[in-house]
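Enquirer: What follows is a predicted structure for the sequence shown.
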Amino acid sequence: MGMLATLIACGGEVGTSWRQPSGDQSSDDAGDGDTAHDNDAARDDDATDPSPADGSSPDDDPPGIPPLVPASNVGYEATSSAYGRLYGPGKIFIDALAYTYVKRAGGIDYAASQRFRATISGMPATIRIYSPDSYDSPGGGYACGNGGTLRARLLPDDGSADHLPDMTATPLATGTYAPAGIMTNGIYAQRSQMFPLIPLTATQTLVAGELYHLVYEQVGGDPENAFVNVNHTATSPDAGDATRWLASSDWASLYGTRPQGATAYTWRDATKEPYGSFYYVPILELTTQDGKSMGSAVLEAGNTEGSTQFVFHSGESFRERFTPSTAKTVTGISLHTAASRAGGLGWSLLHGTTVLAQGTVTQPSANYRSWVRAGFGQTYGVYEWVDIALDTPVRLAAGETYDVTFTAKDGSEWRMAVQTNGVSSGFTFPAGFSESRAQHMHGGTWIMAYQWDHASDASTQANWPIVLHLSGTIP
């Protein structure tokens, strides 16, 4: 969707801005003058198994293992076997983008923290983040001046119930980002520069299973007039937390404030409690020196009602086309959608024209809702999860292409929000989920789903919010 944000001019007044970005490098920032996870580095227990002929059925899971990973109010740890059963771009969904301040304003210093449970071990090497600029809002709050100097420190968790960064600890790694030379008046010379790759100087090893924080502070000489902020994936209060299955401790966005001249920040968790109008989760990819990576890069949503949102009427179809890099055994499917008119949603899992599984979901009454963000004139869709347990597990072979196809039936109408995965912005798998792509039927032809023009085949980095459940265990 386009960029909608509260803007704080460098020393100026609060204002709002709606902006239509160019191409797939767009953003829908909801800064609010306040300060959205898909941690796809999950294990596939079937990855090393041989791949049988298409559609063959492996042994069923042991008795008592459900085909669907149950949703949990508490959530699973990122390194758990339960979370490792989930595969797909919908492990995190998005309504908008929202940034947190990393600057000084009104005598207050602002900092940001991205908390995560490491799913990899190794010496930290780089991070990639989303740092928006003020391209369509000169003088606005996205960025200002030459961007100043953003410092990133990788710190351990403090072990408290609130899981705050241990600001007294020796950083595991440190990096700085000073965009002077590519930023003028808060605007990058090129749109692709909003996704900087920041080298880290590391002194300690990241350990899988442990909680960490990447803490961002503005350490330049003029933090009121030269700064960049940090963008996050955001969801509306009606939609709730963007991570249906993941524990909020394991992928979270925090913001800190302190009076100018003070040393200690007061931290708040924007993943547990809405910040301004939204819940936040990080946009981040972390890479180790030996080439492993983890993170999430859900960069953009097509969820503006009457604009970027997709509406599928009876007889119309959409699909997610998967090409897994490792073999997988699918036991269930979850899709984030809602019916604005009651009826059926036919589904099928295909390899070419071969049907591996199929069925119909019936929605007896409309369950689509919308949420209006007061003062901004935008309406967002609010969806539910459709969960489908397969009668028989289906094997997906590595490198083969499979389609999970849906068709509105029986006079129904279904609404969907496409989301982008950051691959064209430099993020890599698993942070950028590149093993599937969203398509829809248009004029008798399958084309890529592109929120800015539903008749265009231009998008190369969009997904529907869908998750495949894999064979495995739940502790």
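Expert: Now that the structure is in, tell me what you want to look at.

Enquirer: continuing past the worst-scoring helix or strand of the chain on mean pLDDT, what's the next helix or strand?
Expert: Here the helix or strand of the chain ranked lowest by mean pLDDT, DSSP states H and E is strand 14-19, holding a mean of 26. With elements assigned by DSSP states H and E, the helix or strand that comes after strand 14-19 is helix 81-84.

Enquirer: Quick one: name whatever helix or strand follows that next one.
Expert: strand 86-87.

Enquirer: Partner strands of that next one and their direction?
Expert: Using DSSP bridges, strand 86-87 pairs in its sheet with strand 466-470 (antiparallel).

Enquirer: Extract the residue ranges of this protein that are flagged as low pLDDT.
Expert: Along the chain, the model assigns pLDDT under 70 to residues 1-64, 138-140, 473-475.

Enquirer: so which strand or helix has the residue nearest the centre of it?
Expert: The centre of the chain sits closest to residue 298, judged by Cα atoms, centre = their mean, with a distance of 3.0 Å. Residue 298 is part of no helix or strand, with elements assigned from DSSP H and E.

Enquirer: repeat for residue 379
Expert: Short version, using DSSP H and E: residue 379 is in strand 378-382.

Enquirer: Which helix or strand lies directly C-terminal to that strand?
Expert: By DSSP H and E, the next helix or strand past strand 378-382 is strand 384-396.

Enquirer: Could you name the helices and strands sitting against that following strand?
Expert: strand 328-341, strand 343-351, strand 354-363 (3 or more Cβ pairs under 8 Å, 6 or more residues apart in numbering; DSSP states H and E). In this view, the C-beta of every residue, glycine as well, is placed from N, C-alpha and C.

Enquirer: partners of the longest one, with directions?
Expert: Spelled out, that is strand 328-341. Assessed with DSSP bridges, strand 328-341 is paired to strand 384-396 (antiparallel), strand 413-416 (antiparallel), strand 466-470 (antiparallel).

Enquirer: Please look at the residue nearest to the centre of the chain and residue 425 and confirm they touch.
Expert: No. Counting by Cβ atoms under 8 Å, residue 298 does not reach residue 425; the two are 11.6 Å apart.

Enquirer: what's the spacing between the residue nearest to the centre of the chain and residue 417?
Expert: The gap separating residue 298 from residue 417 is 11 Å, by Cβ to Cβ, to the nearest Å.

Enquirer: For the two, list the residues in contact with both.
Expert: 93-94 (Cβ atoms under 8 Å, 6 or more residues apart in numbering).

Enquirer: Mind checking the helices and strands packed on strand 384-396 for the one nearest to residue 377?
Expert: For residue 377, the closest of these is strand 328-341, at 20.7 Å, according to Cβ to Cβ.

Enquirer: Report the angle between the closest one and strand 378-382.
Expert: 130 degrees (axes from the mean of the first three to the mean of the last three Cα atoms, to 10 degrees).

Enquirer: if we can go back for a sec, columns distance to residue 256 and mean neighbour count on top of the strands paired with strand 328-341, output as a markdown table?
Expert: Output for the strands paired with strand 328-341, formatted as a markdown table (distance: least, Cβ to Cβ, whole Å; neighbours: other Cβ atoms under 10 Å):
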| stretch | distance to residue 256 | mean neighbour count |
| --- | --- | --- |
| strand 384-396 | 33 | 18 |
| strand 413-416 | 36 | 23 |
| strand 466-470 | 32 | 26 |
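
Enquirer: element containing the residue located most distally from the centre of the chain?
Expert: Each residue of the chain has a distance to the centre, and by Cα atoms, centre = their mean the biggest one is for residue 261: 34.8 Å. Assessed by DSSP H and E, residue 261 sits outside every helix and strand.

Enquirer: dump the residue contacts of residue 360.
Expert: 344-347, 409.

Enquirer: Of the residues you listed - the most surrounded one?
Expert: residue 345 (22 neighbours; other Cβ atoms under 10 Å).

Enquirer: Now that one: closest residue in space that isn't a chain neighbour?
Expert: residue 361 (4.5 Å; Cβ to Cβ, 6 or more residues apart in numbering).

Enquirer: mind listing what that neighbour touches?
Expert: 344-347, 386, 388 are the contacts of residue 361 under Cβ under 8 Å, 6+ apart.

Enquirer: at 7 Å what do you get?
Expert: Residues in contact with residue 361 (Cβ atoms under 7 Å, 6 or more residues apart in numbering) are 344-345, 347, 386, 388.

Enquirer: do you know how far it is from residue 324?
Expert: For residue 361 relative to residue 324 (Cβ to Cβ), the value is 24 Å.

Enquirer: ok, now how distant is residue 409 from residue 339?
Expert: 11 Å.

Enquirer: so what's in contact with these two at the same time?
Expert: Between them, residue 409 and residue 339 share no contacting residue, judged by Cβ under 7 Å, 6+ apart.

Enquirer: give me the beta-bridge partners of the nearest residue to residue 284 once chain neighbours are set aside?
Expert: Distance criterion Cβ to Cβ, 6+ apart; nearest residue to residue 284, sequence neighbours excluded, is residue 295 at 4.7 Å. For residue 295, the beta-bridge partners are residue 285 (DSSP bridges).

Enquirer: can you start the count at 228 instead of 1 from here on
Expert: All set: I'll call the first residue 228, so the last point we hit is now residue 522.

Enquirer: my guess is residue 522 meets residue 512, correct?
Expert: Yes. With contacts counted by Cβ atoms under 7 Å, residue 522 reaches residue 512, the gap being 3.8 Å.

Enquirer: Between those two, point out the one with more neighbours.
Expert: The neighbour comparison of residue 522 against residue 512 (other Cβ under 10 Å) goes to residue 522, with 29 against 24.

Enquirer: got the contact list for that one?
Expert: 266, 511-513, 658.
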